[in-house]
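In: heads up, no residue letters with this:
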């Protein structure tokens, strides 16, 4: 059965290589009061692809991620996840769509009344009802091992560093085996070794599980190593989109300045 | 200045009010608009919570945790407040009744005062202070640190998981806590009286509840479920709409207690009248 808000593939605009964009952002505008944040932004991300979104602070990168997962709503334009316009989804449908996505918040947003392991188990407890307690514990340990925190499972979020909190947040985002990963500054506040571990993990997920990722970052080294494409935002719109080489060869003054300063 | 000129000036002033008075009018209009906006948002919030509460999946685990948080952890404070009321009413009632030669009415006075009047309202105010502030601050803190967004991003309805469970816990626990406060009040009231004039507990209870019907005691106890609804709803609403950092959290906690206590007292007026009419 076709959902009411599902649209034909042709209208969604397939990628050049014929892949279906799992996230299709089409002319999205967003303002908060008088302050315009996004100004008709258009971006697509396909399965197994990682898009790094770069830009100065306050250019709406985090807002873009919040719009994709439905925490905020665009003023104009549409965001389609697997062809479904999320603005047109009912609460239940939106819930089902969110289960396909993993979101790492900029400041991790761990539940401070739960331990590290309970934080990672939280989505599993709610959405994997058939999972036994031991299966859940094994899955949590596996996820914590992937982010290198298997020894911190009983600690409270307040007892671990900001970088470790971020890794727990990533483990939580991966708990439901998402098809789409939204990472807001995943390497900010991490030491170089942990940053590279997170990058390697993102690459591994991209290769092995064909996860589509959108990574908001200021870490150009990280963006270059994990992303297939980079999009540089300026004044609420995409100034340039392409590979790192495309950005490097650009004649646009802001792009040159941004790469130089980064 | 001629009378004609003064009349003209007055007419112009009426047509074009001074900037000061127009500023007053616009700020008054803003306050009125905010007042109605607050109630409108509260109504929308209550509807969203009610809808989330009656649709599965139900958050039993979280509800049990909140029952413990609201019930067991408030019990010592409520028991202490109830005990203090019992002693105060005992002291006051004995003195007043002695003046009118009606000392034999002491047990009934104490029983009716504690169970019908003081027990419910004091329990409500104590829980409003402890639980209202706690829920307001906890949810506000979760809101400003994006924990509520994280719950939503995990495809979990925060109205169901956070608000409905807390409000239900308040509704279910308030009558039970009221019974505990009543029991402590009666016990300490009797004890305070016995120190002055020995009276067996059996005699005290028999005399106090003589001729009493369920209608006299059940409605005042169960009306506290409405207090629970008010406390839970307002605290969750204030917490989940918080903006700003630590200042916003503090404001949410304070507003939760102040508004919940205020609405609780106003509700008491309405409920007392309602009970008198429905259960004469």
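Out: Here it is on my side, so go on. For clarity, every value in this text was computed on a predicted model and none was experimentally measured.

In: what residues does the stretch 1-150 of chain B have near chain A?
Out: Neighbours of chain A within the stretch 1-150 of chain B, by Cβ under 8 Å from any Cβ of the partner chain: B:57, B:61, B:141-142, B:145-147, B:149-150. (C-beta placed from N, C-alpha, C; glycine too.)

In: just the buried subset of those residues, please.
Out: Neighbour counting by 16 or more other Cβ atoms under 10 Å in any protein chain shown classes B:141-142, B:145-147, B:149-150 among these as buried.

In: pull out the buried positions in stretch B:260-270.
Out: Buried residues in stretch B:260-270, counted by 16+ other Cβ under 10 Å: B:260-261, B:263-264, B:267-268.

In: inside helices: which ones of these?
Out: Among the buried residues of stretch B:260-270, DSSP state H puts B:260-261, B:263-264, B:267-268 in helices.

In: correct me, but residue B:154 touches residue A:95?
Out: No: contact between residue B:154 and residue A:95 fails when scored by Cβ atoms under 8 Å: they sit 9.5 Å apart.

In: picking that back up, could the buried residues of stretch B:260-270 go into CSV alongside pLDDT and distance to residue A:22?
Out: What follows is the buried residues of stretch B:260-270, written out as CSV (pLDDT from 0 to 100; distance: Cβ to Cβ, whole Å):
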residue, pLDDT, distance to residue A:22
B:260, 94, 46
B:261, 94, 51
B:263, 95, 48
B:264, 94, 51
B:267, 94, 51
B:268, 92, 56
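
In: and residue B:154 and residue A:95? which has more neighbours close in?
Out: More crowded of residue B:154 and residue A:95, by other Cβ atoms under 10 Å in any protein chain shown: residue B:154, with 25 against 17.

In: for that one, what are its contacts?
Out: Shown in contact with residue B:154 (Cβ atoms under 8 Å, 6 or more residues apart in numbering or on different chains): A:98, A:122-123, A:126-127, A:172, A:176.

In: same deal with residue B:168?
Out: Contacts of residue B:168 by Cβ under 8 Å, 6+ apart are B:53, B:63, B:66, B:232.

In: run a quick neighbour tally on residue B:48.
Out: 17.

In: quick one: it is in a helix?
Out: Yes: per DSSP: H, G, I helix; E, B strand; the rest coil, residue B:48 lies within a helix segment.

In: hmm, it is touching residue B:159, no?
Out: Yes: contact criterion Cβ under 8 Å: residue B:48 and residue B:159 qualify, at 4.9 Å.

In: which helix or which strand is home to residue B:90?
Out: helix B:75-99 (DSSP states H and E).

In: buried stuff in that helix?
Out: Going by neighbour count (16+ other Cβ under 10 Å), the buried part of helix B:75-99 is B:75, B:77-79, B:81-83, B:85-86, B:88-90, B:93-94, B:97.

In: over to stretch B:60-79?
Out: B:62-63, B:66-67, B:69-71, B:74-75, B:77-79.

In: can you give me the mean pLDDT across it?
Out: For stretch B:60-79, the mean pLDDT works out to 93.

In: go on, stretch B:159-176?
Out: The pLDDT scores in stretch B:159-176 average 95.

In: low-confidence ranges, the stretch 1-150 of chain B, go.
Out: For the stretch 1-150 of chain B, residues meeting the criterion pLDDT under 70 lie at B:1-19.

In: which parts of it are helices?
Out: Taking DSSP state H, counting those that start in this stretch, the helices of the stretch 1-150 of chain B run over residues B:3-15, B:19-54, B:60-67, B:75-99, B:106-112, B:119-127, B:133-144, B:147-153.

In: can you tell me which of those helices is nearest to residue A:240?
Out: Proximity to residue A:240 (Cβ to Cβ) singles out helix B:147-153 among these, at 29.1 Å.

In: which other helices and strands does that closest one contact?
Out: Judged by 3 or more Cβ pairs under 8 Å, 6 or more residues apart in numbering or on different chains; DSSP states H and E, helix B:147-153 is in contact with strand A:101-104, helix B:133-144, helix B:158.

In: kindly recompute the last result at 6 Å.
Out: Here helix B:147-153 touches helix B:158, going by 3 or more Cβ pairs under 6 Å, 6 or more residues apart in numbering or on different chains; DSSP states H and E.

In: what residues does chain A put near chain B?
Out: Proximity of chain A to chain B (Cβ under 6 Å from any Cβ of the partner chain) is limited to residues A:69, A:71, A:95, A:98-99, A:103, A:105, A:109, A:111, A:123, A:126.

In: so what's the residue count around the nearest residue to residue A:30 once chain neighbours are set aside?
Out: Leaving aside its sequence neighbours, residue A:30 sits nearest to residue A:38 (Cβ to Cβ, 6 or more residues apart in numbering or on different chains; 4.2 Å). Neighbour count for residue A:38, taken as other Cβ under 10 Å: 26.

In: do residue A:120 as well
Out: Residue A:120: 29 surrounding residues under other Cβ under 10 Å.

In: just the one 3 residues further on next, same as before
Out: Here the count is done by other Cβ under 10 Å, and residue A:123 has 24 residues near it.

In: give the buried residues for the strand or helix carrying it.
Out: Secondary structure from DSSP H and E places residue A:123 in helix A:116-127. Using 16+ other Cβ under 10 Å as the test for burial, helix A:116-127 gives A:116-124, A:126-127.

In: the next helix or strand after it packs against which elements?
Out: Using DSSP H and E, the next helix or strand after helix A:116-127 towards the C-terminus is helix A:133-146. Counting contacts by 3+ Cβ pairs under 6 Å, 6+ apart, helix A:133-146 is packed against helix A:116-127, helix A:162-174.

In: quick one: the strands in the stretch 151-262 of chain A, in order.
Out: Assigned strands in the stretch 151-262 of chain A, in chain order: A:180-184, A:212-216, A:229-234, A:237-242 (criterion: DSSP state E, counting those that start in this stretch).

In: save those as TSV, and put in distance to residue B:20 and mean pLDDT too.
Out: What follows is the strands of the stretch 151-262 of chain A, written out as TSV (distance: least, Cβ to Cβ, whole Å; pLDDT from 0 to 100):
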stretch	distance to residue B:20	mean pLDDT
strand A:180-184	48	94
strand A:212-216	49	93
strand A:229-234	45	91
strand A:237-242	45	90
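
In: can you redo those strands as JSON lines with mean neighbour count?
Out: Putting these into JSON lines (neighbours: other Cβ atoms under 10 Å in any protein chain shown) gives the following:
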{"stretch": "strand A:180-184", "mean neighbour count": "25"}
{"stretch": "strand A:212-216", "mean neighbour count": "26"}
{"stretch": "strand A:229-234", "mean neighbour count": "22"}
{"stretch": "strand A:237-242", "mean neighbour count": "16"}
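
In: residue B:125: which of these is closest?
Out: Nearest of the strands of the stretch 151-262 of chain A (Cβ to Cβ): strand A:180-184, 42.9 Å.
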